[in-house]
Every structure is written in C-alpha cells, then in structure tokens.
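Student: sequence unknown, structure follows:
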C-alpha cells in the first residue's frame, strides 16, 4: 500500500485497549465482537465493518511482531490446526494446570515436542477458559495496579502540558513565551521544560527529544487535549517505542494536578522574579529557568512525597530505557511518495529539487525528511522500506551545465566534492543554529543494539535486533568490537558504497572508511 503508516495507525487505534492490556480474558473477546459490528472509516476512504477474523489476525500479528507486523502479509501457515484433536487439547490443559503461570508459547513448545503440532493462541485460550484452566480460574490472577495519577517507579508516567510564560525581548520587540514541560509523576522531577515562542508540534518534538535523550523513555505519556498533542508523528513514535499515549479528557484539568501545581510554583517563585526585573531575551530566560530548576525546585523537599524531586527520581529509577537520538528523530520525519524524474534524475519536494542515484530514474520511492532541519538532504526508501541512500538539494540548471562540461565517468568526483561542501555547510549550520537533532552526536559510544537495529533497517529486515540469525549476530558483534568509532553516519555511508548489500560488503566499506579517516 502506498501509505502504510496510515494503515498501521488505523489498526493500532482499533486495538488500542488490547495492546495496552486495558482488557483481559473474556472482555477481550467481547470488545472484538462489538468492534466487528461497528462501521468505521478505513484509510482508503471506505466505510465498512472490520471482520472478526481480520481483527483477531491483526492482534495476533502485533503480539508476534509488534507494530512492524502490520506491514506484513499474514503467514501462510497461520491457523493450520483448526480441528485440534481432543487428546492434544487435554494435554494442553494438563500442562497449564501443572503450572498456571505458563504462557501459550510454553504450552505450544511442549505440544510441538510431544505431538509435532501447535494450537493457535485464540483456540488454546478458548478451551482453557471452557475447562477452568486460566490463571483467574485457578486462583492465580495477574495483579495489575491501575492508579492513574501516581506510580511506584520513575519513568512509569510522564505528564506534559503548555502554559503561558513571561514576555521576552527579540530584535527590539516584546514577544509572549510559552512554557512546555514534562514532569515525572512518581517523583515530581521535571524531565525537561523550557520556554518557546510558539505552541506547536516543533516545540513538542524538541521538548520530548531532549527529555528522551537524557532520561530515557517513559512507559506512559499523559498529555493535554490540545491540538498540538494529536499529531500522527507523536502517535507513531509512541506506538513504535511502546509508550502508552494518554490524553486528558476535555474540560477536566483535575487529572493534570501534578503539572498544574508545578506551573503554579514556577509562576510564584520564578516568573514573579523575572517580571519584576528587566526584560530578558529568550536565551537568558531559559538559562535562568534552568538554574532555578536545578538549584531550587529539584533540590527542595516536596510536601507530598517528603523527598526532593531529584532524590526521589534517582531512588525510584528501576530500569532506564535508552534510545539513540538519531533513531528517535526518524519517528518525527515527514514522509511522502515521489517518482524520480526520468531525464533529470531528481525528485520534487515542497518546491525543492533533490538529486538521486541515476539508477532510480522512473522508480516510485518513499522520501523521509526532517521538517525542522535545513532541508539539504532527504532519506530515500523503496516501497518495501529498503534504504536507497540520500537525496541532495540541487538546481537542475547547474546540474545540466556540469553534465555538458564533464564526462559521465567523472561526474561521481564532482558529487563527492558537492557532498563534502554540503557536510561543511551542515557543520557551520550546527555551530550557528544550536542543536541539530538530525546530526546530533552522542558523547558515548554508539550502542550495539542501535547498530544492529539500524543495519536491519537499512537491509530491509523487520524485527530490529531479532532480524539476524545467531551466526550473523555473532559476526556483527565482532564487527562492532573491531570498529570502535563506528556511528550511524559511517554505517549509512558504508551501506551506500557497498555494491552488494550484505554484511561482508558493508564491513569492507567500513574498513575503507576507517582507513580514510
């Protein structure tokens, strides 16, 4: 399908309560049956009822392969055992009763060993319920604490909102600012907050990326009901990173009590002092705000928790889900489908032209770009999500003159020079424009999991780190240990230079890059 992302979000939205385990047992079946009786608008514009078999199939695919499984066709061997022998079912019930906490995967593992067959999860659970062999019937229930506005650990739930801030001075004029903040509900620690000149999607993305890069990923994200928090980019990122996205009900500010209290504290302790003095620039305001957060707010004992936010956040941090910033930015990229021009070997995007590999002329490709970047490069993918390289900003007139003056074989050298110039300009832009998330560099070594996940993405394999066999995994581990300074840009460049897109040729190109550097 041309726009697979909309289909992915469509199925995620339908199955939302089941994906995040808001329903269990019989309630799941009831929800699926009621859903199959409702008419919904599909991404292709058709109004119809989703069939019950399709809903179960999509849910099964998600449980096996996550969000990426929605992009695949169902397995051909799925559901082969529909008329299961009673002997196998009785054995499955016996295995479950022997240890009630055993999952369907473990039960099928034993059945495959003994009978050479497995039972579909839906069929297995249905018969287990009928014979009283579920955890609930056997007295072993899954205790699940559902307390909406407090959590037992840090990074379990973040709450985000926007608030009006003081005026700042910009080029001789006064502008209203907006404070965007995300607070950890367990500790009342502010994972990131700063003042902006606008309240739109770009500032939300900037705010979240800063928080994710420093403090890791939360389990749940609770945000306001405003339009800025309903972007498809945010929803796609949360589904892909397994973050449960929650929205505050309209006209009900009570659930956001912790962040509303933080805004009140900010206004009474910090903004009152700012407004009493001389008007500041935006940079000065954020510098002063950062100092107040670290020196005063985070170090002061909270009246409800009886601990300082910083101390409680560190003590309550059980596990930190890290993410590479270059990986996170991909979720917020804009996407479009384009056909490469047969004569000029370029694509048109928002009034700009980007040159691409001449081998792609006439092909339909997917284009990903950072709408908050400098628009000098875009990422190119096939319709099957295989990475094809980068497209570079150019002018057709200038390219036409070069093609006439230089032999075709020497045009590659000119492209290299142009690429070096682009990189130099990007370096200058990063130094003068502040943080450029597209080319941000992590001071620590690139994590191994990010390395193999990125490689799987480039090679068109789904499943991230699990896309490789055990032998390939061991080989990649050796490559990672060999090239200590490897980063995402090096891997992208080595992949582009490799004639055959396999591990051996990519490793050879990495070796060449290391020698040149």
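Tutor: Everything's here; your move. This structure is a prediction, so every number in the text was calculated from the model and none was measured.
Student: from now on I want contacts and neighbour counts done on CA atoms only, so please keep to that.
Tutor: Will do.
Student: show me the helices in the stretch 251-400 of the chain, by range?
Tutor: Secondary structure of the stretch 251-400 of the chain (DSSP state H, counting those that start in this stretch): helices at 257-266, 272-276, 282-292, 309-315, 325-330, 396-405.
Student: mean confidence for stretch 348-360?
Tutor: Taken as a whole, stretch 348-360 carries a mean pLDDT of 89.
Student: figure out which of the helices of the stretch 251-400 of the chain is closest to residue 174.
Tutor: Closest of the helices of the stretch 251-400 of the chain to residue 174 is helix 282-292, at 10.4 Å (criterion: C-alpha to C-alpha).
Student: got a list of contacts for stretch 382-390?
Tutor: Applying C-alpha atoms under 8 Å, 6 or more residues apart in numbering, the contact partners of stretch 382-390 are 2, 356, 364-366, 377-381, 457-460, 492, 496.
Student: repeat that for 10 Å
Tutor: In this structure, residues lying in contact with stretch 382-390 by C-alpha atoms under 10 Å, 6 or more residues apart in numbering are 1-4, 71, 337, 354-357, 360, 363-368, 377-381, 455-462, 492-493, 495-497.
Student: and that stretch, end to end?
Tutor: End-to-end distance of stretch 382-390 (C-alpha to C-alpha, to the nearest Å): 12 Å.
Student: tell me which residues of that stretch come out buried.
Tutor: By neighbour count on 16 or more other C-alpha atoms under 10 Å, the buried set for stretch 382-390 is 382-383, 385-390.
Student: chain center to that stretch: distance?
Tutor: Distance, stretch centre to chain centre, for stretch 382-390: 19 Å (C-alpha atoms, centre = their mean, to the nearest Å).
Student: which one of the buried residues of stretch 382-390 is nearest residue 43?
Tutor: residue 383 (17.7 Å).
Student: how close does that closest one get to residue 232?
Tutor: The value you get for residue 383 to residue 232, if C-alpha to C-alpha is used, is 20 Å.
Student: and if you look at residue 381?
Tutor: Distance from residue 381 to residue 232, counting by C-alpha to C-alpha: 20 Å.
Student: so those two - more neighbours on which side?
Tutor: Using other C-alpha atoms under 10 Å, the more surrounded residue of residue 381 and residue 232 is residue 381, with 19 against 14.
Student: ok, that one - contacts?
Tutor: So residue 381 contacts 337, 364-368, 387-390, 458, 460 (C-alpha under 10 Å, 6+ apart).
Student: one more time with 8 Å, if that's ok
Tutor: With contact set as C-alpha under 8 Å, 6+ apart, residue 381 has these partners: 365-368, 387-389.
Student: with residue 189 instead?
Tutor: By C-alpha under 8 Å, 6+ apart, residue 189 lies in contact with 183, 298, 309-310, 313.
Student: is it possible to export the residues you listed to JSON lines including pLDDT and distance to residue 282?
Tutor: Output for these, formatted as JSON lines (pLDDT from 0 to 100; distance: C-alpha to C-alpha, whole Å):
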{"residue": "183", "pLDDT": "95", "distance to residue 282": "22"}
{"residue": "298", "pLDDT": "93", "distance to residue 282": "22"}
{"residue": "309", "pLDDT": "93", "distance to residue 282": "26"}
{"residue": "310", "pLDDT": "93", "distance to residue 282": "26"}
{"residue": "313", "pLDDT": "92", "distance to residue 282": "28"}
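Student: could I get the helices of the stretch 251-400 of the chain in a markdown table, plus columns for distance to residue 59 and mean neighbour count?
Tutor: What follows is these, written out as a markdown table (distance: least, C-alpha to C-alpha, whole Å; neighbours: other C-alpha atoms under 10 Å):
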| stretch | distance to residue 59 | mean neighbour count |
| --- | --- | --- |
| helix 257-266 | 35 | 16 |
| helix 272-276 | 52 | 12 |
| helix 282-292 | 44 | 16 |
| helix 309-315 | 35 | 18 |
| helix 325-330 | 25 | 18 |
| helix 396-405 | 48 | 11 |
